[in-house]
Structures are given as structure tokens and as C-alpha cells.
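Engineer: how would this look folded up:
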Amino acid sequence: MELFARPLFLLYFIPALVGVLVLFWAGNKLKNKAVCALFSPQTYAQLTADLRPESVWRTVLMSLAVFFLFSALAGPQWGTEIIEVQGEFSQAVIAVDVSASMRAQDIKPDRLDSAKTMLRMLVSNLKDQRLGIIAFTSQAYIQCPITTDADALRHFITALKPNMLPVPGTSLAAPVKLAAHMLSKYPGHKALILLTDGEDHASEELANAKNIALKNGLRLITVGIGTKEGSLIPDKWDRNGTVLEYKKDKQGNTVVSKLDEKSLLELSQATGGTYIAYTTPSQVETKIAQSLRGLDRSTANSSKHAAYKTRYQIPLMLALLCLSGYLLYPRGKRRRQILEQKTEKR
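Structural biologist: A predicted model of the protein is given here:
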């Protein structure tokens, strides 16, 4: 622990004290010079017979006042307290498709892993954004509540896995509804970053999703991840990670998952958002960050941390007491009393 936040001020005390003493000395010389020019020694002695001479204790009190003043400036600190840091943040939710189709490898290493790489980059680079995470298939679930904690967001992004939810299929309306609920307490315009291959098995709900987004000031930034040509969906692997079998439908036909941009374009355009075709993690991250500009901001606690308690009040109070003592302390015995004592001794 550092006892002083700004210990350099303790070194400044020495020249400051010297300066005060020099000022007193120079002032005393000027005073004596002025007295000698105006009065004779006998006249001045008669005029100041009832005044007290300077006391050494007053000099000590003035020196202590200067010392405690610079001690206060040095910022003494001990003990700890929790400090909350506030900031201005805009709000957004990231919704990630974790259905089986996100295992397709038309985007290497696969759709979901590539999306997770991009999201970790996004979270690390966004400094003025409050974010939450949704995982969805045909239903949506909160993976991470809205927060400014980048470490927590990266942890929950890493935990995303295909088929992590107990319900199959894909619904684009489900994450829109849940995101609107999560962001409802924040004023102004917010955003939903929707990462999916766009294969929607509940397309009749899209109209309702648009209305919910518009009603809640929700701007949709849709990211289409996959290719129009599509890819097979790995379903079984051996111990070495080699794909043994690909996903089949109920009729036994091998499923080919293709990017469906139509619904994603429709949602983004209807809400004043942006559609981004997935290319590379860095390029997509940059485009999303640009699309998030212009959202409304609100004040929030961004972080909490332990800090030493500042105790400058104690030396400052001591400095004021010493200064008061200097001003009120008697200058010494009266000169007339000193003369009378000398006369009695004789």
C-alpha cells in the first residue's frame, strides 16, 4: 500500500518552509528599517512597551501548519472503499443462432465458431456499449444479461454451442421478442445484432417481430452467416474429429443448409438497421461497430473497484488548527512586565 497518493508534495514542503521563513525574515528586516527611519530607539521602546515580543512557539506553529498543509496535498490514504465508475452507454443485444445448421462448414471452421471469434473481437473493441447475449433456436433464452463486463460477455460467448438448447428448429421472431423485453427499460433507440444463417421455420411470425422491434425502438443489425450454395451439416464424428455422418431429414435425405438472406434483409430494412453478409471476423466486427453508432445513450455504472480511502481531511484540519494557534497564541510576556521583573531583581 502507498501511504500517499502524491508523495512528491512532501518534498515540496522543504522549499515552501524555507520560503516562509525567508519571508518572515525579510519582513522583519523591512519592519526594523522602517522603524529606524521613523523613530529613535528610545521612542520606539516607549511605544511598544505594552506589546508582547515574538515567541518561538508561534514560529513552530506556523512551520507545522505548512507541513500539514503539504501533507494534505500529498493525499494520505489508508483503508479501502468500493468505487463505482459511471459512464454514458448505448444498449444492444447479441442474438446467436445455435441450431444444428450452425455446424455447417461453408464458413471455416464452421458457422458458429467463426461467429464466436468475431463476437469476442467485437466485445473487446466496444468500450461504450452495454451488451447482452441471447442464444436461440425456435425459442430464445438469455445467455448473458445486459452488462458492461467484457470478461463476462467473452465467457458466455465461448460457452455457445450448437444444439445447446433443448428445442430444435429456428425462429427469427423469438430473439426479437426477447431482446425487446430485455431492452424495454432503456429509453431511446437500441439495437439487436442477429447472427444466423437465416433459415427460418416460423416465417409467419416475422410481421409480428417487425412490429415489436419498431414499437420498442429496436434497430436490427442482421448478419447472414453461411453461403448461398450451402453445406452439409455434420452430425456424427469419430474420436479424431472426422465427420462420419451428415444430418438427414425425416425422409432420410441429406440436409443441405443454405444462407437465406431474404428474411434478414426484410427485418433490417423494416427497422432502419443494416444487413451484413459474413466475410471475415475482422471485417464483420468493423461493420457492426459502425452500425451501432448513433444509438441513444444513458448513464450507468460501468465498473466497481476497490480503492484506498483518501484521508486528506485529517492533515488539513491539523493545518487549520496550527494556523489558528499561530494567530491566537500570545506573543510572549509584555515588555513592561519584563522591565518590572528586571527592576525587582536589582
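
Engineer: what secondary structure does residue 109 sit in?
Structural biologist: Taking DSSP: H, G, I helix; E, B strand; the rest coil as the rule, one finds residue 109 in the coil state.

Engineer: wait, residue 89
Structural biologist: Using three-state DSSP as the criterion, the local structure at residue 89 reads strand.

Engineer: Give the bridge partners for it, please.
Structural biologist: Legend: beta-bridge partners of residue 89 under DSSP bridges are residue 298.

Engineer: Have a look at this protein and report its longest helix.
Structural biologist: helix 8-38 (DSSP state H).

Engineer: elements contacting that one?
Structural biologist: In terms of contacts (3 or more CB pairs under 8 Å, 6 or more residues apart in numbering; DSSP states H and E), helix 8-38 is packed against helix 56-73. Any C-beta I mention is one placed from the backbone N, CA and C, and that applies to glycine too.

Engineer: So what's the gap between the longest helix of the chain and the chain middle?
Structural biologist: Relative to its chain's centre, helix 8-38 lies at 48 Å (CA atoms, centre = their mean, to the nearest Å).

Engineer: mean confidence for that helix?
Structural biologist: Taken as a whole, helix 8-38 carries a mean pLDDT of 82.

Engineer: try stretch 78-96
Structural biologist: For stretch 78-96, mean pLDDT rounds to 77.

Engineer: Stretch 226-240 now?
Structural biologist: For stretch 226-240, the mean per-residue pLDDT is 85.

Engineer: Show the subsequent helix or strand relative to the longest helix of the chain.
Structural biologist: Next in sequence after helix 8-38, counting helices and strands by DSSP states H and E, comes helix 41-47.

Engineer: For that next one, the averaged confidence score.
Structural biologist: Across helix 41-47, pLDDT averages out at 72.

Engineer: try stretch 196-211
Structural biologist: Summarised as a single mean, pLDDT over stretch 196-211 is 78.

Engineer: Buried residues, that stretch. List them.
Structural biologist: For stretch 196-211, the neighbour count (16 or more other CB atoms under 10 Å) marks 196, 197, 198, 199, 200, 205, 206, 209, 210 as buried.

Engineer: Restricted to strands, list those residues.
Structural biologist: residue 196 (DSSP state E).

Engineer: Most widely separated two among the buried residues of stretch 196-211?
Structural biologist: Greatest spatial distance in the buried residues of stretch 196-211: 197 and 210, 19.9 Å, computed using CB to CB.

Engineer: per the record, what domains does this protein have?
Structural biologist: In terms of domains, the chain is parsed into 8-76+311-345, 84-302 (source: automatic domain parsing).

Engineer: Out of these, which one sits most buried?
Structural biologist: domain 84-302 (a mean of 18; mean count of other CB atoms under 10 Å).

Engineer: Please, where are all the helices along the stretch 201-346 of the chain?
Structural biologist: Ranges of helices within the stretch 201-346 of the chain are 206-215, 261-270, 281-291, 313-328, 335-345, based on DSSP state H, counting those that start in this stretch.

Engineer: which stretch among the ones you listed comes nearest residue 234?
Structural biologist: Of those, nearest to residue 234 by CB to CB is helix 281-291, at 21.0 Å.
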